[in-house]
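1. Following is a predicted model, sequence given first.
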Amino acid sequence: MAKLGNCNMEFCCVNDEVCLTVELGDLVENVPFVFWTNNTEFRVNGTVVVKNNELGDDEGTTVELVVNGIDSDDPAFIIEPGDTKSFTLDNIQSLALEAESVSGNGENTASISFSLNYKF
């Protein structure tokens, strides 16, 4: 369970947990879908889990986690159909999902869950 905005006057930490589902058929190839942006002055760290729910086959939609607007060639950020990957990140400014290839069933989804941690 997330602790949302501990309301005492002392400096404290916050841990927000968010889950969402993205319909892969709605993604445009090579156009990032931004699902979280840091609109504060706080340094945010966290863990992001992306599960590509599409069946594992050569015809599916491959997705990439894009962090801070940087489209990485690092294969660690690529989530193939049927795969799940977890990423622990530092100084997160934005999170996006991008379709590397769009094919397969347009009703398939990717599940994203992330926990963000910061102090204020």
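-> Sure, I can see it.
2. How about I92, nearest residue that isn't a chain neighbour?
-> Sequence neighbours aside, V44 is the residue nearest to I92 in space, at 4.8 Å (criterion: CB to CB, 6 or more residues apart in numbering). The way it works is simple: take the backbone N, C-alpha and C, and place the C-beta from them, glycine included.
3. scratch that, D83 is what I was asking about
-> N52 (5.5 Å).
4. partner residues bridging the one you found?
-> For N52, the beta-bridge assignment (DSSP bridges) gives partners A110.
5. pretty sure it contacts T61?
-> Yes. Contact criterion CB atoms under 8 Å: N52 and T61 qualify, at 7.4 Å.
6. and L97, how many neighbours?
-> The number of residues packed around L97, counting by other CB atoms under 10 Å, is 22.
7. Check V34 too.
-> Applying other CB under 10 Å, we find 12 residues neighbouring V34.
8. looking at it, it is touching E98, isn't it?
-> No. Assessed by CB under 8 Å, V34 is found out of contact with E98, at 9.8 Å.
9. circling back to that earlier point, report the separation between the residue nearest to I92 and E23.
-> The gap separating V44 from E23 is 26 Å, by CB to CB, to the nearest Å.
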